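**Student:** Predicted structure and sequence below. I'll ask about it afterward.
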Amino acid sequence: MKRHRFPWVFCLAATLLLLSAVAGQWWQHQPAGEVGVAVLTVIASHCPAAVERQSGRIRGADSARALDRWGFARMTELVRRDGRDRCRRQD
């Protein structure tokens with residue numbers, strides 16, 4: 001049986017996937033900057049439970065995690081409808 005090469009589209013897709021994984025890992029550990037802090041401020045005003053208390057510098061991954069938690073809390077409130085406020089901080 002003759003061995004065939006993969007089409008160039010699959011090689012390009014694999015390369016882009018690898019590069020995006022490496023770039024994403026690098027990006028998560030960088031300081032958040034003004035936009036990341038603004039995102040955390042907006043999320044904290046709408047859903048305080050989604051934002052963890054930060055000690056030290058705020059990274060890009062912190063704003064992404066807070067956005068995920070906020071979305072999960074809102075979606076859970078829509079699906080479960082048990083009257084609990086999942087965005088209220090439980091201290």
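**Tutor:** That came in fine, so what should we check first?
**Student:** only C-alpha atoms for contact and neighbour calcs from this point on.
**Tutor:** Noted.
**Student:** Check the gap between the residue nearest in space to the middle of the chain and residue 40 for me.
**Tutor:** Taking C-alpha atoms, centre = their mean, the centroid of the chain lies closest to residue 64, which sits 3.1 Å from it. According to C-alpha to C-alpha, to the nearest Å, residue 64 stands 9 Å off from residue 40.
**Student:** Over to residue 52?
**Tutor:** Note on residue 52: its distance to residue 40, by C-alpha to C-alpha, is 10 Å.
**Student:** related to what we said a few turns ago, element containing the residue nearest to the centre of the chain, please.
**Tutor:** helix 60-80 (DSSP states H and E).
**Student:** Go ahead and name everything in contact with that helix.
**Tutor:** Contact partners of helix 60-80, identified using C-alpha atoms under 8 Å, 6 or more residues apart in numbering, comprise 27-32, 36-37, 39-40, 43, 47, 50-52, 83-87.
**Student:** Leaving out the residues flanking it, which one is nearest to residue 27?
**Tutor:** Closest residue to residue 27 apart from its sequence neighbours, by C-alpha to C-alpha, 6 or more residues apart in numbering: residue 60 at 6.7 Å.
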